[in-house]
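*Asks:* With the input below, show me the fold.
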Amino acid sequence: MIGSTSAWSIVRCLNSAELWSVFFEFSNSCGFHDAPDFRVNFENHLDGLRGLEEGFRFQLHISIKTMRKEYLTAINEFPSFSESLFDFQLTFEELQHQDDSDTVLNDNLFVAKEGFRKWSIQFCDTNPRVQEPPVDTVEEIGRPVLENALLMQSVLEHLECFDIQRLRKVNKGVRKCIDEVKPDPHIKKFLITFDLRPSALQTESSVLLESGEFENISYKAKTSRCLNDFETTLKHQKSCMEELSIVFQFTIFERLDSCIEFCTGIEEILKRREQPLKTRKFSMAYVCQLEMKEILQTLDKDSLKIIEFSNPSDEECMEFFGREVPFKVDQLSQTDQWKTAEHLIIKDLTIPASIQDINILHFSNLEVLVKTLSFQDVDYLRTNLLKSSNFQKFKIFFRESSLDEQLHELIGEPFRIISESKKIWYFRMDNVNFYIHIVLDTHDVKDIYGKLKPKVIIFTRVDKEDTPFFDLGMEELALD
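*Replies:* Got it, this is the predicted structure:
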């Protein structure tokens, strides 16, 4: 094994026009379990880069066994050599003082987990001059195609996000051509997870393409790089995605304020697009209505069909709050996206407002959790859904209720009483071929924490053929 100083002496003797990649591997233990601890001198690597003559430009990959805190200061200097390096990667199996790594490393460097026992530190090249591989006959023939916008457009129509990203690495001319064409990356689903739990403290993004190709990226605490990738990936998305999902995860010990900057970043990125992002479903795990509303309003209202909001808290937090997290929707319910969507899901956030005040009658499918449900609320839903042309199924969970005998007096006696806590009604809709089937279930059921689960009432649109009246020829028994 030779030292880093000797290794760089060899590099200096190589042809700068031909050199494309340099790889150094250093074992911290020199290959022996009982050998003294081996320290990698990164200052020698920096001196080696300083000693290179003009014209060198290559990718540098250094592999070591253990990443130590004492290395960080020197590692921070590698991005300053972007004139010589267009890519830098440092891989290692053991990471000491991870928190210090995230704090000390400058903004151009980020730590990523590559596998079960592999980590890496990489940097983004901000230098506009990009090293190109030696030109050969094949490339000379390919350049007129790859750097011609009209020809490139025909090529890019058959490529997706990851292939487009790989193609961008060919050379500066190709990148310029791709930016001019603005190809659709054909993304099917995009998920961002911002995990603030002490055991995690990381940001992840997952991208699924229409072809089924999938990629997951972990950014640790480098949220700025995650947002940058989010913008780059979705900047030219034109086709309608199946889902955009933004998930926050935290416990009772974190403050929601730490999420606002991340939400604002996503909002600003989506607003910078030339056209509103098209997605069939938007889901978000969060509890602050204002930030959720701002992001929701950046989406194309004509494409959005499903809206889902969920609880970002882990089980510890939900147990602490008695599994009830209040969630106001008064501002969300006034957005165009809410008003034109077809399906709303809010199952583990408790809406404190009355069901009559949250603008839900236009939905065809609904799953929500409210704090209180009164017999007036049930009658309100029955009366309006009987006249609805697009209603399919409403499933409403509630924690408290005043559903007593007054409900029977208001809407009529149940068609069937299965038990004291479960009753069924049928009501003929304005269209005589359909009925509303209502099931009220007020059983006391406890969760794993010994707390009562919400009760439920379900309104379902059913064909006349699927009712007891059709088989028995007893339509007159249905309550009008």
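*Asks:* Run through who's touching the host helix or strand of residue 167.
*Replies:* According to DSSP states H and E, residue 167 maps onto helix 161-168. The contact list for helix 161-168, computed with C-beta atoms under 8 Å, 6 or more residues apart in numbering, reads 146, 156, 159, 174-175, 178, 183, 185-187, 207, 209, 213, 215, 233. C-beta here means a position set from N, CA and C on the backbone, and glycine is covered the same way.
*Asks:* For the buried ones among those residues, write the corresponding PyMOL selection.
*Replies:* Remark: buried members of the contacts of helix 161-168, expressed as a PyMOL selection using 16 or more other C-beta atoms under 10 Å:
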select buried, resi 146+156+159+174+178+183+185+186+187+207+209+233
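*Asks:* Among the contacts of helix 161-168, which one lies nearest to residue 424?
*Replies:* Each of these was checked against residue 424 using C-beta to C-beta; the closest is residue 187, at 44.3 Å.
*Asks:* wait, the closest one sits on residue 236?
*Replies:* No. Residue 187 is not in contact with residue 236 according to C-beta atoms under 8 Å; the separation is 10.2 Å.
*Asks:* Report the distance from the helix holding residue 167 to the chain centre.
*Replies:* 21 Å (C-alpha atoms, centre = their mean, to the nearest Å).
*Asks:* Report the buried residues of stretch 185-201.
*Replies:* 185-197.
*Asks:* helix/strand/coil for residue 177?
*Replies:* Here residue 177 takes the helix state, with states given by DSSP: H, G, I helix; E, B strand; the rest coil.
*Asks:* Please determine how far it is located from residue 229.
*Replies:* 21 Å (C-beta to C-beta, to the nearest Å).
*Asks:* who has more neighbours, these two?
*Replies:* residue 177 (24 against 16; other C-beta atoms under 10 Å).
*Asks:* Return the distance of the more buried one relative to residue 162.
*Replies:* 18 Å.
*Asks:* again with residue 336
*Replies:* According to C-beta to C-beta, residue 336 and residue 162 sit 33 Å apart.
*Asks:* Residue 218 too?
*Replies:* 17 Å.
*Asks:* Could you do residue 78 as well?
*Replies:* 26 Å.
*Asks:* got it, and residue 295?
*Replies:* With C-beta to C-beta as the criterion, residue 295 and residue 162 are 25 Å apart.
*Asks:* For the two, work out which one has more neighbours and name it.
*Replies:* Neighbour count, other C-beta under 10 Å: between residue 295 and residue 162, residue 295 has more, with 21 against 16.
*Asks:* which residues does that one contact?
*Replies:* 246, 263, 266, 267, 270, 284.
*Asks:* what distance separates the biggest helix by length in the chain from the centre of its chain?
*Replies:* Secondary structure of the chain per DSSP state H: the longest helix is helix 257-272. Computed by C-alpha atoms, centre = their mean, the chain-centroid distance of helix 257-272 equals 13 Å.
*Asks:* returning to what we had before: any chance of the contacts of residue 295 in CSV, with distance to residue 419 and neighbour count too?
*Replies:* CSV is the format used below for the contacts of residue 295 (distance: C-beta to C-beta, whole Å; neighbours: other C-beta atoms under 10 Å):
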residue, distance to residue 419, neighbour count
246, 42, 22
263, 46, 21
266, 48, 22
267, 49, 17
270, 49, 20
284, 38, 22
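*Asks:* what kind of secondary structure is residue 189 in?
*Replies:* strand.
*Asks:* Around the closest residue to it other than its chain neighbours, how many other residues sit close by?
*Replies:* Once flanking residues are discounted, residue 189 sits nearest to residue 208: 4.2 Å by C-beta to C-beta, 6 or more residues apart in numbering. Neighbours of residue 208 under the rule other C-beta under 10 Å: 19.
*Asks:* Which two among the contacts of residue 295 are spaced furthest apart?
*Replies:* 270 and 284 (12.6 Å).
*Asks:* Which segments of this structure make up each domain?
*Replies:* Each domain of the chain is listed here as a residue range: 4-123, 137-181, 191-348, 353-480, per automatic domain parsing.
*Asks:* most neighbours per residue, which of those domains?
*Replies:* Most buried of those, by mean neighbour count (mean count of other C-beta atoms under 10 Å): domain 191-348, with a mean of 17.
*Asks:* Can you measure across that domain, start residue to end residue?
*Replies:* End-to-end distance of domain 191-348 (C-alpha to C-alpha, to the nearest Å): 20 Å.
*Asks:* could we number from 350 for the rest of this?
*Replies:* New numbering, starting at 350: the last item is domain 540-697.
*Asks:* how far is that domain from where the chain is centred?
*Replies:* Relative to its parent chain, domain 540-697 has a centroid offset of 6 Å by C-alpha atoms, centre = their mean.
*Asks:* Stretch 792-809 now?
*Replies:* 30 Å.
*Asks:* Give me the contacts around it.
*Replies:* 668, 671-672, 718, 722, 727, 730-731, 734, 740-748, 750, 770-771, 785-791.
*Asks:* all helices of the stretch 550-699 of the chain, in order?
*Replies:* 572-583, 606-621, 638-645, 664-669, 685-689 (DSSP state H, counting those that start in this stretch).
*Asks:* tell me which strands and helices the shortest one is in contact with?
*Replies:* Just to be clear, that refers to helix 685-689. Counting contacts by 3 or more C-beta pairs under 8 Å, 6 or more residues apart in numbering; DSSP states H and E, helix 685-689 packs against no other helix or strand.
*Asks:* related to what we said a few turns ago, on contacts alone, who are the packing partners of the longest helix of the chain?
*Replies:* Under the contact definition 3+ C-beta pairs under 8 Å, 6+ apart, helix 606-621 sits against strand 536-544, helix 572-583, strand 590-598, helix 638-645.
*Asks:* Out of the ones you listed, the one nearest residue 763 is which?
*Replies:* Going by C-beta to C-beta, the one of the helices and strands packed on helix 606-621 nearest residue 763 is helix 638-645, 37.0 Å.
*Asks:* what angle do that closest one and strand 590-598 make?
*Replies:* If you take axes from the mean of the first three to the mean of the last three C-alpha atoms, to 10 degrees, helix 638-645 sits at 160 degrees to strand 590-598.
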